[in-house]
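[1] next input, structure requested:
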Amino acid sequence: RDMLLRSARMRQGSARRAEEEAICMQLTDILKATCVKVPLVAADKETALYELVDLLSEHHEIPDTQLLRDAVWQREQTRTTGIGHGIGIPHGKTDCIKSLCMAIGIPQSPLEFGAIDGKPVEIILLLASPADQTSQHVQALARISRLLTDEDFRESAKRVQDGQSLYDMIAQQEAQITGA
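    Coordinates of the predicted model:
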């Protein structure tokens with residue numbers, strides 16, 4: 001029984017540490033303003049994902065863009081990353097990436113994504129990470145989730161006119177969340 005209690009306390013401590021690390025992580029640490037595109041040209045989910053992968057490839061050292069495309073699309077085929085509220089968070093892991101990076105796009109028109117709430121996606125946040133960086137990947141997903149829980153932020157993000165404005169909104173929202 002003592003071992004079970006100790007094990008439960010250790011799991012709680014690990015979960016708490018991961019949550020604290022996610023709070024410390026800033027999306028702007030993994031997102032470049034040049035990797036935010038408004039509007040996306042794509043008119044469907046697959047093309048939108050590839051457009052964002054290509055954007056990452058233009059601004060990060062990604063020696064094999066097709067490998068990342070395949071990883072993202074394969075993950076998407078496993079289970080939709082349309083999480084509801086007009087948000088899609090596609091992600092992929094591959095050894096062709098050196099560090100966690102992110103791209104964001106707002107499509108010209110909402111895209112069918114097979115989202116869990118059945119609604120089309122209006123904000124796409126693509127995460128790409130090395131296969132061996134699960135912890136940072138999960139921290140980034142938690143950070144994105146925390147950022148997008150604010151309905152006013154989501155609605156404002158959908159209406160931005162350019163990538164720099166969306167990047168600035170994200171930086172400002174994160175500063176408010178962390179009190180920085």
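[2] C-alpha only now, for contacts and for neighbours.
    Will do.
[3] can you give me the strands for the protein?
    Counting by DSSP state E, residue ranges of the strands within the chain are 31-40, 82-84, 87-88, 91-93, 101-107, 123-129.
[4] now the last one and strand 101-107, what's the angle there?
    Spelled out, that is strand 123-129. Angle between the axes of strand 123-129 and strand 101-107 is 160 degrees (criterion: axes from the mean of the first three to the mean of the last three Cα atoms, to 10 degrees).
[5] need the CA coordinates for strand 123-129. PDB is fine.
    Output of strand 123-129 as PDB, limited to C-alpha atoms (Å, rounded to 0.1, in the frame of the first residue of the first chain):
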ATOM      1  CA  ILE A 123      -7.300  28.300 -37.300                       C
ATOM      2  CA  ILE A 124      -4.600  25.800 -38.100                       C
ATOM      3  CA  LEU A 125      -1.600  25.400 -35.800                       C
ATOM      4  CA  LEU A 126       1.000  23.000 -37.100                       C
ATOM      5  CA  LEU A 127       3.600  21.500 -34.700                       C
ATOM      6  CA  ALA A 128       6.700  19.600 -36.000                       C
ATOM      7  CA  SER A 129       9.200  18.000 -33.700                       C
END
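[6] pull the residues that contact that strand.
    Outside strand 123-129, the residues that touch it by Cα atoms under 8 Å, 6 or more residues apart in numbering are 49, 52-53, 68, 72, 86-94, 97-107, 137, 157-158.
[7] below-threshold pLDDT in this protein: ranges please.
    Counting by pLDDT under 70, the chain has low-confidence residues at 1-23, 180.
[8] going along the chain, name the helices of it.
    Using DSSP state H, the helices of the chain run over 2-24, 45-59, 65-78, 134-148, 151-158, 163-178.
[9] could you pull out the buried residues of the fifth one?
    It stands for helix 151-158. Buried residues in helix 151-158, counted by 16 or more other Cα atoms under 10 Å: R154, A157, K158.
[10] and what of stretch 25-32?
    M25, Q26, L27, I30, L31, K32.
[11] between the two ends of that stretch, how far is it?
    Using Cα to Cα, to the nearest Å, the span of stretch 25-32 from its first residue to its last is 15 Å.
[12] what about it, distance to the chain center?
    Taking the mean C-alpha point of stretch 25-32 and that of its whole chain, the gap between them comes to 10 Å (Cα atoms, centre = their mean, to the nearest Å).
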